[in-house]
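1. got a sequence here, can you model it:
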Amino acid sequence: MLQIKYLKSLLIFSIILFLNLDMNAQDLKTHRWENRILLIHSTNQNSETYQKQLAILQKNESGLKERKLLIYQLKGEEYQTGITFTNKWKKIEHQSIKDIQKNIDADFEVILIGLDGRIKLSQNSILSSNNLFSLIDGMPMRRQEIENEKN
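-> Just a heads-up that it's a prediction; the model follows:
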C-alpha cells in the first residue's frame, strides 16, 4: 500500500515537472548566458518573406549551432521552436515572449536576443546569414568564445 502511494506521488511530481519544463522552454530568461535567440514573427507563415527567412537559416544550420542560436517562430498567440516549418504550434504562455510581441507592429520581424538577454537587432526584412553571423561574431562574448576555442 505504501509503495502505491509512493508511486502515485512520484507520477504526479513527474507530470508537474514535465509541464513546467514545457512552460519554461518559452521563458526566454532561461536561455540567458546559455543561448542567443532569434525570434521570427510573421502574421502569415505562407508569405514569401517568411519562407525565404526559414530557408536561409536551414542552409546555415551549422553556423546557428556554432553560435548557440535558438530559433523561435511566432505567429499570433502561438510559437514553435526550430527552423523547420511544422504544424506543432504551442500556445504562448510566458510573459517574456508576450512582452516582446507587444512591440511588434509589422507583418514580419526578426529579433536577435544576445546571451545577456537584451535585444541586439530588430528588423522587418529578411536577415541574411552573413549579416546575422557578422553581427554575432562582432559581439564581445562571441569573440571570447572564438578565442577560447582556439586555446
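2. for Lys120, phi and psi?
-> Lys120 has phi and psi values of phi -100, psi -20 when expressed as degrees, to the nearest 10.
3. pretty sure it sits against Val110.
-> No - using CB atoms under 8 Å, Lys120 is not in contact with Val110; the gap is 11.1 Å. For glycine as for every other residue, the C-beta is placed from the backbone atoms N, C-alpha and C.
4. the two: which is more packed in?
-> Neighbours per residue, other CB atoms under 10 Å: of Lys120 and Val110, the larger number sits with Val110, 21 against 16.
5. just the CA coordinates for stretch 118-129, please, in CSV.
-> What follows is stretch 118-129, C-alpha atoms only, in CSV (Å, rounded to 0.1, in the frame of the first residue of the first chain):
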residue,chain,number,x,y,z
ARG,A,118,19.0,42.1,-24.5
ILE,A,119,17.7,42.7,-28.0
LYS,A,120,20.6,43.2,-30.3
LEU,A,121,18.7,43.6,-33.6
SER,A,122,15.2,44.1,-34.8
GLN,A,123,14.3,44.4,-38.4
ASN,A,124,11.3,44.0,-40.7
SER,A,125,13.2,42.5,-43.6
ILE,A,126,14.9,39.2,-44.3
LEU,A,127,18.1,38.7,-42.3
SER,A,128,20.9,37.2,-44.3
SER,A,129,23.1,34.6,-42.6
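6. from here on, call the first residue 2.
-> Will do, 2 is the new start, and the previous item becomes stretch 119-130.
7. pLDDT averaged over it, what's the number?
-> Across stretch 119-130, the average pLDDT comes to 95.
8. give me the next element, helix or strand, following the helix or strand of the chain with the lowest mean pLDDT.
-> The least trusted helix or strand in the chain, going by mean pLDDT, DSSP states H and E, turns out to be helix 3-26, with a mean of 42. As assigned by DSSP states H and E, the chain's next helix or strand after helix 3-26 is strand 37-43.
9. can you list the strands that that following strand pairs with?
-> The pairing partners recorded for strand 37-43 under DSSP bridges are strand 70-76 (parallel), strand 109-114 (antiparallel).
10. and for the first one, what are the contacting residues?
-> The one in question is strand 70-76. Contact with strand 70-76 is made by 27, 32, 36-44, 46, 55, 58, 65, 80-84, 86, 90, 93, 98, 102, 137, as judged by CB atoms under 8 Å, 6 or more residues apart in numbering.
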